[in-house]
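Asks: dropping a prediction and its sequence here:
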Amino acid sequence: MAKKFICSQCGQTFEAASMPDKCPICGADTSHLKEVKSKGINTNSNVYTICYAAVMVVIVAFLLAFVSSALKPAQDANVAIDKRTQILASLNVRGIAKSDVEAKYNELIQETFVLTPDGQKIDGADAFDVDTKEIGEKYPVYMAKTADGEDAYVLPLKGRGLWGGIWGYVAVTPDCQKVLGAFFNHESETAGLGALIKDEPFQSQFIGRPVMGQDGKVALTVVKQGESKAETEVDGVTGATLTSKGVGEMLLSGIQQYVDALGGGKPAGGCGRQEGCKHAEKCCNKADCTCAQKKLCACKDGSCGNEACNCADEAQCCAREECPCTCCEKMTPCEKKHEGCAKAQQECGGCPEKDSSPCKSGNECCKSGQCDKSGSCGKPSCDGDKACCK
């Protein structure tokens, strides 16, 4: 490292590795030269460089942490607004001002809950607090109204696209039979291709689609553009086969997990559950509804009757026409007394009884087909045979 020297004869300073024999400026001998000692920090040393860098790193890290902490409430609020906006989009509410999002969300979201994989509600859990990466361990559900006022369940989903994670919110009818709306988003799909899943034209294709197949399993999926053959198959994005496939798999597996947790699952167009209508209260809630398992019948109170179509509450008779305890207008033959449905008969006015009044004349008896077994109507000793009325 170079040292500094000063010449007393010329007054000039210069640098050299060691004491020179003479001044390089004026030629004075060594007696006129003196080494100049450095005062303060040597900014050219390695120690100085390392210490300076370390101090700057600490200062910058502190400033970043401070700024992040100060901005966190605003960041969290923006994330929450974005999440609510996506949920509202699945309910077909789009394009509203950022300032109106929270109010609209509170208006349409009626209730939220979180289910475990076996269908148990987690006490005190709010669906909104469940992170996307937790879906699969927990199942957040939003009970809501669509923009048209229809009852809906919004089901958050997660999956995998071509380059990264994808996620979405699908609004379905409470019986999980039909799609009412959908929204999808992504982390890093290709712009102009896979990224199009976040646009309304792709998402609007799902509205009104059936969710379940004839086997009682979720059949809603996405197929290659132009290859859809069923109502449950939606055309994917052109040129984005792998991203479209990711959305399809997310729908199939994700919604099925919710259906299992919610206790649903029934064939398209059916009502009830094949495993003995165990969850009839969730699906057989219409008067004209029949369970998927034909030997059981749906009751008007939402429960399922037994094999003889006898309901638990005689006041709520079975809805199927073949059930012996249906309301009066469906009772055949009407003369039969239907045990177990006395209250229902009373509410329906009962069945018209057979007119057993004695005939006033043989002609009337013949016309009505009603003969008095006592023999007072028709020929003597008539035993109720129509032939006696001649």
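Replies: That came through fine. Residues are numbered from 1 along each chain as shown.
Asks: top strand in the protein by residue count?
Replies: Counting residues, the longest strand in the chain under DSSP state E turns out to be strand 151-160.
Asks: following element in sequence after that strand, please.
Replies: Following strand 151-160 in sequence order, the next helix or strand is strand 165-172 (DSSP states H and E).
Asks: what's next to that following strand, contact-wise?
Replies: 86-87, 89-92, 132, 144, 146, 152-160, 178-187, 189, 197, 206, 211, 243, 246-247, 250-251, 255 (CB atoms under 8 Å, 6 or more residues apart in numbering). No exception for glycine: its C-beta is placed from N, CA and C like everyone else's.
Asks: now the longest helix along the chain and strand 165-172, what's the angle there?
Replies: Longest helix in the chain, counting residues (DSSP state H): helix 46-90. Per axes from the mean of the first three to the mean of the last three CA atoms, to 10 degrees, the angle that helix 46-90 makes with strand 165-172 is 20 degrees.
Asks: helices or strands up against helix 46-90?
Replies: helix 101-108, strand 165-172, strand 179-186 (3 or more CB pairs under 8 Å, 6 or more residues apart in numbering; DSSP states H and E).
Asks: and Ile50, which of those is closest to it?
Replies: Nearest of those to Ile50, taken as CB to CB: strand 165-172 at 40.9 Å.
Asks: if you tally nearby residues, what's the number for the closest residue to Gly159 other than its chain neighbours?
Replies: Distances taken as CB to CB, 6 or more residues apart in numbering put Met250 closest to Gly159, at 2.9 Å, once the chain neighbours are dropped. As a burial measure, Met250 scores 22 neighbours (other CB atoms under 10 Å).
Asks: what packs against the strand or helix carrying Met250?
Replies: Assigned by DSSP H and E, Met250 belongs to helix 241-262. Secondary-structure packing of helix 241-262 (3+ CB pairs under 8 Å, 6+ apart): strand 109-115, strand 139-145, strand 151-160, strand 165-172, strand 221-223.
Asks: give me the mean pLDDT for it.
Replies: Across helix 241-262, the average pLDDT comes to 95.
Asks: how about the contacts made by the nearest residue to Asp126 once chain neighbours are set aside?
Replies: The spatially closest residue to Asp126, leaving aside those adjacent along the chain, is Thr112, at 5.6 Å (CB to CB, 6+ apart). Counting by CB under 8 Å, 6+ apart, Thr112 touches 126-128, 140-143.
Asks: could you redo the last one with a cut-off of 6 Å?
Replies: When the contact criterion is CB atoms under 6 Å, 6 or more residues apart in numbering, the partners of Thr112 are 126-127, 142.
Asks: which among these end up buried?
Replies: 127, 142 (16 or more other CB atoms under 10 Å).
Asks: same list (the contacts of Thr112) but as a markdown table, adding pLDDT and distance to Lys4.
Replies: Putting the contacts of Thr112 into a markdown table (pLDDT from 0 to 100; distance: CB to CB, whole Å) gives the following:
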| residue | pLDDT | distance to Lys4 |
| --- | --- | --- |
| Asp126 | 95 | 72 |
| Ala127 | 95 | 74 |
| Tyr142 | 97 | 77 |
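Asks: between the contacts of Thr112, which is nearest Ser68?
Replies: Asp126 (25.4 Å).
Asks: gap between the closest one and Val259?
Replies: For Asp126, the distance to Val259 equals 22 Å [CB to CB, to the nearest Å].
Asks: and for Asp151?
Replies: Going from Asp151 to Val259 by CB to CB gives 17 Å.
Asks: what is the burial count for Lys72?
Replies: Quick note: Lys72 (other CB under 10 Å) scores 10 neighbours.
Asks: can you give the domain ranges for the chain?
Replies: Structural domains assigned to the chain are 3-36, 98-262, 281-352, following automatic domain parsing.
Asks: first to last residue in the second one, what's the distance?
Replies: With CA to CA, to the nearest Å as the measure, the first residue of domain 98-262 is 33 Å from its last.
Asks: and the closest residue in space to Ala195 that isn't next to it in sequence, how far from Ser8?
Replies: Counting by CB to CB, 6+ apart, Glu189 is the residue found nearest to Ala195 once chain neighbours are left out, at 4.6 Å. Using CB to CB, one gets 77 Å for the distance from Glu189 to Ser8.
Asks: do Lys217 as well
Replies: Distance from Lys217 to Ser8, by CB to CB: 101 Å.
Asks: which one's more surrounded, those two?
Replies: Lys217 (16 against 11).
Asks: compute the number of surrounding residues for Ala147.
Replies: The burial count for Ala147: 15, using other CB under 10 Å.
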